[in-house]
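Student: need coordinates for the following:
(one chain, ligands or ions: 2)
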Amino acid sequence: MKEYFIQHAKDYVGKTVTLKGWAYSFRKGGKIWFLQLRDGTGVMQCVVTKFDADEASFELKNVITQETSVMVTGVIKEEPRSPGGYEILASKVEVVAIAEEYPISKKEHGIDFLMNNRHLWLRSKRQHAIIRIRHTIIKAIRDYFDDRDFTLLDTPIFQQAATEGTATLFETDYFGEKAYLTQSGQLYGEAGAAAFGKIYCFGPTFRAEKSSTRRHLTEFWMVEPEMAYCDLDMDMDVAEDLVFYIVSQVLEHRRSELETLERDISKLEAVQSPFPRISYTDAVKILQENGVEFEWGDDFGGGDETIISNQFPSPVMVHRYPSAIKAFYMKRDPENEKQAMALDMLAPEGYGEIIGGSQREDDIDALISRIKADGATEEDYSWYLDLRRYGSFPHSGFGLGVERVVSWICGLKHIRETIPFPRTISRLNP
Ligand code: 4AD
Ligand code: MG
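Tutor: Numbers count the residues shown, from 1 in each chain. Ligands and ions are numbered 1, 2, ... in the order given. The predicted structure is shown next:
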């Protein structure tokens, strides 16, 4: 049987089709009633009259409730006054299941209530817009790497050692041994870069973030490219090119969704390459010029990142952070031992860090001494150290947090709406 979807209504004009979905809203009169039917791809106005529909179908107006599942058969017509530009003149309406009184109505609901009903809230127009933009962002990421000779390398979720510090590890029992949920696929990605040259991994990552902020989830999706014979400057080239591509794809394919979200699209159109690149030392000067008491060596807080990013319409890349505040695997700046060859990309409009990356330490002795300084042992990272024993090579990569990017592009105040079922310190359900 052929399937028909509301988003393709323009192809069905003059044809009799059956649409299957849920009752979004209705207006009921004596001889005519209107049903807004939602099928996930769009909303269609269904016109049900005493003349065109059979009697049983017409009488359904007395029983149908919001979110009742229904099938409507009729002829599709162009109708400029209807929301999508088309309507269906029903000959038959069939109820699949009457819905109980639906908890989400048009009135304002508190965020906790909506979050508790996230499984239902996903049916709303605003959530559709966000999740579709998320989809386009993820597709853009995959297309970007697939079209540039990167090999997809899936990295394990159960891992035996930390990548991004022990403070945010989720620990689990692995047949009597300790295992941790992945914080990052990077270390495995480095093995992949030695094997394939250019790889990316893309999957969920986990961090036991103990505070609740508008930027942190405990489960989030990260894409991590890793490239052999790539230095920090080349790494920044790829980061910039990728983010520019993502923004342009959303502008091309998801304009109406951005409008639904009332996003100021001009702010996204203002994103232009090349993106500014400033050193951490220059970023500190920006803070001091803006009256922030900040000392070289400290890490930026959310407020600091906002001040820095507000200086530029495009995302800004800050490089060469103090090594003391960055991860053990980052290469030291040959020109200044106190600095790591790190990069963070800060999104405009105060959305904060969307990318973190670096050139990797390729010297085995330097790496071992930092592993020990972090309180770990050589054995904990023995396979990782093999990558330096068997053909060590200059290489770099980065991680882009999908939800941070969705938050910025959609212009959301909080990260919780960027993923279908968010996980935070206070939420595991639904
Ligand atoms: O800066 P991070 O910690 O970098 C890494 O994990 C590296 N191993 C990546 C690499 O070089 N391959 O995290 C990367 C990005 C951040 O810039 C941010 O966008 C996102 O992941 N991120 C989070 N997003 C949501 N909730 C959290 N708790 C996040 N922590 C990091
Ligand atoms: Mg970071």
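Student: rest of the way, CA atoms for contacts and neighbours
Tutor: OK.
Student: what parts of this structure come near ligand 1?
Tutor: For the chain, the contact set with ligand 1 under Cα under 6 Å from any ligand atom comprises 164, 184, 186, 207, 209, 215-218, 220, 222, 224, 353-358, 397-401, 404.
Student: out of those, which sit inside helices?
Tutor: If you go by DSSP state H, the residues of the chain next to ligand 1 have 186, 404 in helices.
Student: and the helices in the stretch 301-430 of the chain?
Tutor: Under the criterion DSSP state H, counting those that start in this stretch, helices of the stretch 301-430 of the chain are mapped to 302-309, 364-373, 382-389, 402-410.
Student: got the contact list for the first one?
Tutor: Okay, so that is helix 302-309. With contacts defined as Cα atoms under 8 Å, 6 or more residues apart in numbering, helix 302-309 is touched by 283, 286-287, 290, 315-316, 346-353.
Student: so which bits of the helix or strand harbouring Ile131 are buried?
Tutor: Element membership of Ile131 [criterion: DSSP states H and E] is helix 125-146. Buried residues in helix 125-146, counted by 16 or more other Cα atoms under 10 Å: 126-131, 133-134, 136-138, 140-142, 144-145.
Student: list the buried ones in stretch 304-324?
Tutor: Buried, per 16+ other Cα under 10 Å, within stretch 304-324: 304-310, 312-323.
Student: cool, and stretch 422-430?
Tutor: 422-424.
Student: pLDDT score assigned to the residue sitting furthest away from the middle of the chain?
Tutor: Largest separation from the mean C-alpha position in the chain: Phe51, at 48.6 Å (Cα atoms, centre = their mean). Looking at Phe51, its pLDDT stands at 96.
Student: and stretch 96-103, how far out from the chain middle?
Tutor: Counting by Cα atoms, centre = their mean, to the nearest Å, stretch 96-103 is centred 31 Å from the centre of its parent chain.
Student: and for stretch 87-101?
Tutor: 35 Å.
Student: now do it, average pLDDT.
Tutor: Stretch 87-101 shows an average pLDDT of 98 in the prediction.
Student: hmm, who's touching that stretch?
Tutor: By Cα under 8 Å, 6+ apart, stretch 87-101 touches 44-49, 52-54, 57-58, 60, 63-79.
Student: restricted to helices, list the residues you listed.
Tutor: Checked against DSSP H, the contacts of stretch 87-101 include these in helices: 57-58.
Student: buried subset of the contacts of stretch 87-101, written for ChimeraX?
Tutor: Buried residues within the contacts of stretch 87-101, by 16+ other Cα under 10 Å, are selected in ChimeraX with:
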select :44,45,46,47,48,49,52,53,57,58,64,65,66,67,68,69,70,71,72,73,74,75,76,77,78
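Student: can you tell me which of the contacts of stretch 87-101 are in strands?
Tutor: Cross-referencing the contacts of stretch 87-101 against strands under DSSP state E gives 44-49, 69-78.
Student: from those residues, pick the one nearest Thr16.
Tutor: Val75 (4.3 Å; Cα to Cα).
Student: hmm, back to that, same for the helix holding Ile131, what does it pack against?
Tutor: Applying 3 or more Cα pairs under 8 Å, 6 or more residues apart in numbering; DSSP states H and E, one finds that helix 125-146 contacts helix 232-253, helix 255-260, helix 402-410.
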